[in-house]
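**Student:** Sequence first, then the predicted structure, then my questions.
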Amino acid sequence: MLAACLAAAGCDSILPENAPPLAAHEVSQPDGWADELAMAVPQDLNPDPHVLEIELEAKVANLEIAPGKTTAVWTYNGTLPGPMIRAKVGDRVIVHFKNSLPEATTIHWHGLRVSNEMDGAPSVTQPPIESGGEFRYELDLRDAGTYWYHPHTDSSAQVGRGLYGALIVDDPADPPEFGDDLVLLLSDMGLDEDGQLIPADSGGNFGDLFGREGSVLLVNGKVFPTLKVRNGKQQRWRVINATRARYYNIRLRNHRFMKLGGDNGLAARSEDIYNLIVTPGERADAVFTPADPPGTKNVLRWVPTERGYGSTYNRASEPMLAIETIADAPVTPEPIPAELRTIEPIDITNAKHRTLDLTISIASTVEMGVNGVPYWQAKPFEIALGDTEVWRIVNNTDFSHPFHLHGYFFQVLDENRVPEWKDTVNVPTKSELTIAVRFDERPGAWMYHCHILDHAEAGMMGHIVVRDPNAPEATPAPAAHHH
Ligand code: C2O
Ligand code: CU
């Protein structure tokens, strides 16, 4: 009787109550579990298994974002999000990029340790790619982790119109207990009642100051999609915040998450958390263990997070993703390792110290800056190749700022945090934190900025120049003469 039952699909749901549950690794995710969350996959033009060579074209496309309405959004290859670029650590990615947008753009590969001329910072590492122009990006994938790509020209407007995509670097050595991989690229879009994009500068000065949050929440480009899960069968979520300004605090009733790390892959230890917080530009990597009774529904919610003046006032939580637990019997989850990775603290004994004060001045316009200077007036910080620096990042403003550095991972000097390598860190309003960075390779000009993109464009941005003192000629100053 039992044997006959095992042969029939789905019959484990009618096993007697006292049958021992299966282990999570003995079952698969439900059929079509993540179909509604599928992202486009680019075509690989290169036969070498270690090279992913793709075409990427930025162009306007008419897509259905809000149900029943057509929106002219800005896309990579006509999809939103852009195609998910995914390869293994050690691989190389070649991107033949074409700009078919009505204005100039560049692509920045957020978090990747690329060579300087591939970093996509306009007029700093490359001239802007004009409308109709092309550029070949070559990226060596040196670090496993969850990354993303987006424009760095008029970035708040261009990202707000839909230009972003996931870039995942897999480590084949990751333990299977982390569960089946699911990338969740979170974005929001400002749409009017007719489903048209509201102007990129909506709200004027106030929009610059607060940062423009879109009215429609998207998960992998969809409004409130459904994910199917089975009780006990783990999933590894790689969450990317690709919004211009919105902070995410993600909660699921009756659930906790086991955080594995974020920006640069695994942290030193796993961490049991209730609120999955991901600020603009940041990533979070976490195991989700479904625990709802079979045959029930739940809702993953965006919950208001304090990020400064008025950010939580009179705001309700919003649904992001429907979680449908299938009727099959629960399975026993696999234990998640406590220790994940060795992260040696950066040696700061001979470090140079610097203070970066994030500043906002409000006069007839809103002007933001670092140490009181907006990026269009800022002189770069000069750093000698090989130096270690400690940056005290001070935020006396009324808003929180997610601080991002290009080109190098840093460590936050705070014993209360699980050690990890980061490229973006939230500096809460009226607080400060300290990071350590080793400028040990890849001389050149690298940007740093607030990843509330409206703040960056309002001036809270600058760049460093890492120079090799032994190089025959100094690294050229930022120029529009590349190539
Ligand atoms: Cu994702 Cu300079 O940014
Ligand atoms: Cu900011």
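**Tutor:** Looks like it came in fine. Numbering: from 1, shown residues only. Ligands and ions are numbered 1, 2, ... in the order given.

**Student:** Output the set of residues of the chain in proximity to ligand 2.
**Tutor:** 401, 450, 452, 455 (CB under 5 Å from the ion). Heads up, the C-betas are built off the backbone N, CA and C, glycines and all.

**Student:** Phi, psi for L209 please.
**Tutor:** phi -70, psi -50 (degrees, to the nearest 10).

**Student:** all helices for this protein, in order.
**Tutor:** 2-7, 155-160, 204-210, 453-457 (DSSP state H).

**Student:** ok, of the residues of the chain next to ligand 2, which one's closest to K228?
**Tutor:** Within the residues of the chain next to ligand 2, proximity to K228 (CB to CB) peaks at I452, which comes in at 34.2 Å.

**Student:** if we can go back for a sec, winner for burial among the helices of the chain?
**Tutor:** Mean neighbours per residue, mean count of other CB atoms under 10 Å, is largest over those for helix 453-457, with a mean of 26.

**Student:** near ligand 1, which residues of the protein show up?
**Tutor:** 108, 110, 150, 152, 281, 404, 406, 447, 449, 451 (CB under 6 Å from any ligand atom).

**Student:** quick check, nearest of those to ligand 1?
**Tutor:** The nearest member of the residues of the chain next to ligand 1 to ligand 1, counting by CB to the nearest ligand atom, is H110 at 3.6 Å.

**Student:** The residue nearest to the closest one when sequence neighbours are not counted bridge partners, please.
**Tutor:** Leaving aside its chain neighbours, H110 sits nearest to W148 (5.1 Å; criterion: CB to CB, 6 or more residues apart in numbering). Beta-bridge partners for W148, by DSSP bridges, are H110, A166.

**Student:** Tell me, how many residues neighbour W148?
**Tutor:** Neighbourhood size, W148 [other CB atoms under 10 Å]: 25.

**Student:** if I pick it, what's in contact with it?
**Tutor:** Shown in contact with W148 (CB atoms under 8 Å, 6 or more residues apart in numbering): 110-111, 164-167, 185, 240, 242, 283.

**Student:** Dump those residues into a markdown table; add pLDDT and neighbour count as well.
**Tutor:** Shown next, in a markdown table, are the contacts of W148 (pLDDT from 0 to 100; neighbours: other CB atoms under 10 Å):
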| residue | pLDDT | neighbour count |
| --- | --- | --- |
| H110 | 98 | 25 |
| G111 | 98 | 30 |
| Y164 | 98 | 26 |
| G165 | 98 | 26 |
| A166 | 98 | 23 |
| L167 | 98 | 24 |
| L185 | 98 | 25 |
| I240 | 98 | 28 |
| A242 | 98 | 24 |
| R283 | 98 | 29 |
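
**Student:** Closest to ligand 1 out of these?
**Tutor:** Checking these one by one against ligand 1 (CB to the nearest ligand atom), the nearest turns out to be H110, at 3.6 Å.

**Student:** Which residues are in contact with that closest one?
**Tutor:** H110 neighbours (CB under 8 Å, 6+ apart): 147-150, 281, 404, 423-424.

**Student:** That one and G165, how far apart?
**Tutor:** As for H110, its distance to G165 is 10 Å (criterion: CB to CB, to the nearest Å).

**Student:** and for these two, which residues touch both?
**Tutor:** 148-150.

**Student:** wouldn't Q235 be in contact with V287 here?
**Tutor:** Yes - Q235 is within contact range of V287, at 7.3 Å (criterion: CB atoms under 8 Å).

**Student:** Overlap in contacts, those two.
**Tutor:** With CB under 8 Å, 6+ apart, Q235 and V287 have common neighbours G179.

**Student:** would CSV of the helices of the chain with mean pLDDT be doable?
**Tutor:** Formatted as CSV, the helices of the chain follow (pLDDT from 0 to 100):
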stretch, mean pLDDT
helix 2-7, 43
helix 155-160, 98
helix 204-210, 94
helix 453-457, 98
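
**Student:** Please tabulate the ones you listed in a markdown table, including the columns distance to N99.
**Tutor:** As requested, the helices of the chain are exported to a markdown table (distance: least, CB to CB, whole Å):
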| stretch | distance to N99 |
| --- | --- |
| helix 2-7 | 56 |
| helix 155-160 | 11 |
| helix 204-210 | 26 |
| helix 453-457 | 19 |
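
**Student:** Compare the ones you listed and give me the one nearest E57.
**Tutor:** helix 155-160 (14.5 Å).

**Student:** Export the closest one to PDB, keeping only CA atoms.
**Tutor:** Extracted in PDB, the C-alpha atoms of helix 155-160 (Å, rounded to 0.1, in the frame of the first residue of the first chain):
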ATOM      1  CA  SER A 155      21.700  57.700 -12.700                       C
ATOM      2  CA  SER A 156      18.600  58.600 -10.700                       C
ATOM      3  CA  ALA A 157      16.500  59.200 -13.800                       C
ATOM      4  CA  GLN A 158      17.900  56.300 -15.800                       C
ATOM      5  CA  VAL A 159      17.600  53.700 -13.000                       C
ATOM      6  CA  GLY A 160      14.200  55.100 -12.200                       C
END
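
**Student:** burial count for R442?
**Tutor:** Neighbour tally, R442, other CB under 10 Å: 17.

**Student:** Thought G386 was touching it, still the case?
**Tutor:** No - counting by CB under 8 Å, R442 stays clear of G386, with 11.6 Å between them.

**Student:** For ligand 2, see how far away G32 is.
**Tutor:** Note on G32: its distance to ligand 2, by CB to the ion, to the nearest Å, is 40 Å.

**Student:** Could you count how many residues lie near that residue?
**Tutor:** G32: 9 surrounding residues under other CB under 10 Å.

**Student:** out of everything not next to it in sequence, what's closest to it?
**Tutor:** Going by CB to CB, 6+ apart, G32 has K228 as its nearest residue, at 6.7 Å.

**Student:** Surely that neighbour is in contact with S28?
**Tutor:** No - with contact defined as CB under 8 Å, K228 does not reach S28; the gap is 11.5 Å.
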